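Sequence first, predicted coordinates after that:
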Amino acid sequence: MNKPKVIVTRKWPALVEARLQELYVVQLNESDIPMTADELKIALQTADALLPTVTDLITADILGVPNKRAKIIGNFGVGYNNIDIEAAKKDGLVVTNTPHVLTDCTADIAMLLLLMSARRASEGDRLVRNGQWTGWRPTHMLGQKVTGKTLGLIGFGRIAQAMAKKAHHGFGMKILFTDPYPPSQEIIDGLQATQCATVEELLSGANFVSLHCPGGEATKHLINEQRLKLMQPLAHLINTARGDVVDSKALIRALKERWIAGAGLDVFEGEPNIDPGFLELDNVALLPHLGSATEETRVAMGNRVLDNLAAFFAGQEPRDRVA
Ligand code: DGY
């Protein structure tokens, strides 16, 4: 039987690219330059599978290209708001993602940002590098204590639960959450977590708020000016979910005018372009979408795509099918 042809839109870890090359006729992207809309359309017309990642916008227009050969889109990433899922379904395309394998690393980054923001780590690092540190003193760069505080999680899926585990068992934090689809009572009890009836209740009750909801229209600007004003003045906002969940302009005002003490951000509206307002602020820790960026996890994500492809081409249901 002829090997299926697959097109990979960005550079993947070498180990996974080598495995792909053993199994398929592969077009890799060695330059790692994002593909244009036209190149993505041609890919759908010339390959059996397209393997994009979370930064490739797979729009209805791209999916609607005539004479498609592709039958499956294997997204490299757990989030799939980069793909117009309704259009993919209409076209009978199977779409898969890469859940589970990036849970802990993304939760680690959320915890890292929480600590960085609370303890003013980015600001301190800049001070040392700029030769402005004049020595220890009792009132220098005081932040907020983390241990024993209250962490509010908006969205209580796998990554939020992993963060809650670290925060509750490691830092003695009390856990609040909101989620339209809460996990089992056993999981909630294991974390001694409390479900809040509304986002508003959570925002006013938490010292740290971490976002873990999916991106997309339904959650766009969920955190807006009105809601930022409900947070406590010494609270911190952490975002490792998707940039457009937060209204950037409102957050910049909140940080500048000290409605809240700080923020830690791994994702941004319109990334990699960042609102320059963030760059002028000392009380925000900024990371370049590093949630899943460990060698182990990126290899595991690639392997997850491979498992989904193998199932699909064997005529079985891929385990991470989302459309
Ligand atoms: C995802 O997988 O959705 C992340 O944002 C990238 O790790």
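Looks like it arrived, so ask away. What you are looking at is a predicted structure, and each value in this text was computed from that prediction instead of being measured. Numbers count the residues shown, from 1 in each chain.

CA atoms for contacts and neighbours, from now on please.
Noted.

Quick one: the helices in this structure, in order.
For the chain, the helices defined by DSSP state H occupy 14-23, 37-46, 60-63, 85-90, 103-118, 121-129, 158-165, 171, 185-190, 199-205, 225-228, 248-256, 276-279, 295-313.

The longest one packs against which elements?
Read that as helix 295-313. helix 14-23, strand 72-74 (3 or more C-alpha pairs under 8 Å, 6 or more residues apart in numbering; DSSP states H and E).

And the fifth one, by the same measure?
Here helix 103-118 is seen to pack against helix 158-165, strand 236-239, strand 262-265, strand 284-286 when contacts are counted using 3+ C-alpha pairs under 8 Å, 6+ apart.

can you check the third one too?
Packing partners of helix 60-63 (3+ C-alpha pairs under 8 Å, 6+ apart): helix 37-46, helix 85-90.

Same list (the helices and strands packed on helix 103-118) but as CSV, adding distance to residue 247 and mean neighbour count.
Compiled in CSV, the helices and strands packed on helix 103-118 are given as follows (distance: least, C-alpha to C-alpha, whole Å; neighbours: other C-alpha atoms under 10 Å):
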stretch, distance to residue 247, mean neighbour count
helix 158-165, 21, 23
strand 236-239, 12, 26
strand 262-265, 13, 27
strand 284-286, 15, 24
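
Dump the ones you listed to a markdown table, plus distance to the ligand and mean pLDDT.
Listed next are these as a markdown table, based on distance: least, C-alpha to the nearest ligand atom, whole Å; pLDDT from 0 to 100:
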| stretch | distance to the ligand | mean pLDDT |
| --- | --- | --- |
| helix 158-165 | 11 | 98 |
| strand 236-239 | 11 | 99 |
| strand 262-265 | 12 | 99 |
| strand 284-286 | 15 | 98 |
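
Can you tell me which residues in the stretch 1-150 of the chain are near the ligand?
77-79 (C-alpha under 6 Å from any ligand atom).

Dump those into a markdown table; add pLDDT and neighbour count as well.
Below are those laid out as a markdown table (pLDDT from 0 to 100; neighbours: other C-alpha atoms under 10 Å):
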| residue | pLDDT | neighbour count |
| --- | --- | --- |
| 77 | 98 | 23 |
| 78 | 97 | 20 |
| 79 | 96 | 18 |
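
is stretch 298-305 anywhere near the ligand?
No - Stretch 298-305 lies out of reach of the ligand by C-alpha under 6 Å from any ligand atom, never closer than 8.2 Å.

mind exporting that stretch as CSV, just the C-alpha atoms?
C-alpha atoms of stretch 298-305 as CSV (Å, rounded to 0.1, in the frame of the first residue of the first chain):
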residue,chain,number,x,y,z
ARG,A,298,6.9,18.7,22.7
VAL,A,299,8.1,15.2,21.8
ALA,A,300,5.0,13.7,23.6
MET,A,301,2.7,16.2,21.7
GLY,A,302,4.2,15.1,18.4
ASN,A,303,3.8,11.4,19.3
ARG,A,304,0.2,12.1,20.2
VAL,A,305,-0.4,13.5,16.7
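
got the contact list for stretch 32-41?
9-11, 56, 58, 62-63, 65 (C-alpha atoms under 8 Å, 6 or more residues apart in numbering).

Of the residues you listed, which is the most crowded?
Ranked by neighbour count (other C-alpha atoms under 10 Å), the contacts of stretch 32-41 have residue 9 at the top, with 26 neighbours.

any idea how far residue 31 is from residue 11?
7 Å (C-alpha to C-alpha, to the nearest Å).

brain fart, residue 312
Taken as C-alpha to C-alpha, the span from residue 312 to residue 31 is 28 Å.

higher neighbour count, those two?
The neighbour count for residue 312 versus residue 31, taken as other C-alpha under 10 Å, is higher for residue 312 (18 against 8).

In contact with that one, which residues?
72, 318.

before we move on, what about residue 212?
Here residue 212 is in contact with 153-157, 159-160, 239-241 (criterion: C-alpha under 8 Å, 6+ apart).

Same check on residue 76?
So residue 76 contacts 51-54, 97-98, 301-302, 305 (C-alpha under 8 Å, 6+ apart).

Likewise for residue 84?
58-60.

Residue 58 now?
So residue 58 contacts 40, 82-84 (C-alpha under 8 Å, 6+ apart).

Tabulate those (a markdown table), appending pLDDT.
Shown next, in a markdown table, are these (pLDDT from 0 to 100):
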| residue | pLDDT |
| --- | --- |
| 40 | 98 |
| 82 | 97 |
| 83 | 98 |
| 84 | 98 |
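
and which of those residues is nearest to residue 107?
residue 82 (21.3 Å; C-alpha to C-alpha).
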